[in-house]
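Colleague: sequence first, predicted coordinates after that:
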Amino acid sequence: MFKFAGGKLLNRIEKAVAERKAQRAKGGVVSLEEKDSIDFIDLFLDAEADVDLKAEEGLSGKNAQIVRHMLEEEVVMQCFVFLLAGFDTTSNTLSYTAWYLAKHPQCQRRLQEEIDQVCGEQPEIGYDDLSELKYMDCVVKETLRLNPHATIVVGRVAGQDLEIAGIRLKKGDKVQVDSYSLQRDKEIWGADAEEFKPDRWLDLTSNQKDAYLAFGAGPRQCVGMRLAYIEQKIALARILREYELICGPKTEKKLDHSGWFTVSPASVTVNVRKRDQ
Ligand code: HEM
């Protein structure tokens, strides 16, 4: 029988949201305008949900809209999705990246040079610094191209009967995108499609841009994409300006993948050495 793996997590979130609501009702927790450290529960409890009746109910009125607060179960599910979608995905990308950098020391050196140049000795790495880390961007995207680990969620349901590239779909048919194959397709990425080459991101064709679906595409594209890039870049910059990632005797020759909702490397083993030693 199918057992819902996230059941325990969901129960904990339900409890946490109910407790926070009770605290707020007693005036124990203030709303986010007044609070310095806010979390997702407060953000969602404070959020107004715009419901577009035109889209949902087929109303013909122009811009028909109602605005309401989120229901408690919606807050619970939003926290659940954000935790599920936002945590493993980012840490998995960092694991994959660590392995590729250990395997490609010349890419790692180039990245370290960029980090040293952009971030210097300053203790904090700012948002503006991150946008200047162009090669870092290439490294993270190349890792996600070869390992699009949330590929199962890139699916759609046909809203009407239609034909795409000679394939007929009926309203309600489910379409699952195979981004793993798409992102390694030699016809799109060239003969070296299976190789880790961050430089390819400096000059992408429009076909290649369209074929990169690590965060999906369109209106339902990953809402956490920018946050994920920021988190990954900060973590990499902080690690690599102090340390070097190197292969050791136990470093995997190639990576095996595990999981289904999000895919992760079965294991990543790299050694860490203080720089300039
Ligand atoms: C490397 C990190 C991440 C990857 C690879 C990733 C990947 C994806 C993919 C492929 C989708 C489906 C998009 C589509 O169907 O077009 C998705 C949706 C989503 N992601 Fe992410 N994600 C990442 C990080 C995050 C983070 C950090 C958050 C939030 C904090 C997040 C929250 C979400 C949510 C809420 C959705 C559903 C969006 C919707 O249905 O409208 N993700 N993600």
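Modeller: Arrived safely.

Colleague: and the pLDDT for the closest residue to the ligand within the stretch 51-200 of the chain?
Modeller: Using Cβ to the nearest ligand atom, G86 is the residue of the stretch 51-200 of the chain that sits closest to the ligand, at 2.9 Å. Any C-beta I mention is one placed from the backbone N, CA and C, and that applies to glycine too. Confidence at G86, expressed as pLDDT, is 80.

Colleague: can you tell me how far the closest residue to it other than its chain neighbours is from the ligand?
Modeller: In this structure, G86 finds its nearest non-sequential neighbour in G224, 4.9 Å apart by Cβ to Cβ, 6 or more residues apart in numbering. Per Cβ to the nearest ligand atom, to the nearest Å, G224 is found 2 Å from the ligand.

Colleague: I figured G224 hits L84, correct?
Modeller: No: using Cβ atoms under 8 Å, G224 makes no contact with L84, being 11.0 Å away.

Colleague: which ones are touching the residue nearest to G86?
Modeller: The contact partners of G224, by Cβ atoms under 8 Å, 6 or more residues apart in numbering, come to 82, 85-86, 89.

Colleague: so the residue of the stretch 51-200 of the chain closest to the ligand sits right up against R226, yeah?
Modeller: No: here G86 lies out of contact with R226, judged by Cβ under 8 Å, at a distance of 11.8 Å.

Colleague: neighbour count: those two, which is higher?
Modeller: Neighbour comparison, G86 and R226: the larger count goes to G86, with 17 against 10 (by other Cβ atoms under 10 Å).

Colleague: for burial, what's the neighbour tally of E187?
Modeller: Counted with other Cβ under 10 Å, E187 comes out at 8.

Colleague: try D173
Modeller: D173: 13 neighbours (other Cβ under 10 Å).

Colleague: how far away is the residue nearest to G86 from A150?
Modeller: 10 Å (Cβ to Cβ, to the nearest Å).

Colleague: and if you look at D116?
Modeller: Applying Cβ to Cβ to D116 and A150 gives a distance of 32 Å.

Colleague: likewise F196?
Modeller: 20 Å.

Colleague: just say helix, strand or coil for E244.
Modeller: strand (DSSP: H, G, I helix; E, B strand; the rest coil).

Colleague: show me what contacts the spatially closest residue to it that is not a sequence neighbour?
Modeller: Ranked by Cβ to Cβ, 6+ apart and with sequence neighbours excluded, the top spatial neighbour of E244 is R273, at 4.8 Å. Contact analysis of R273 by Cβ under 8 Å, 6+ apart lists 243-244, 246.

Colleague: wait, a helix at R273?
Modeller: No: under the criterion used here (three-state DSSP), R273 is strand, not part of a helix.
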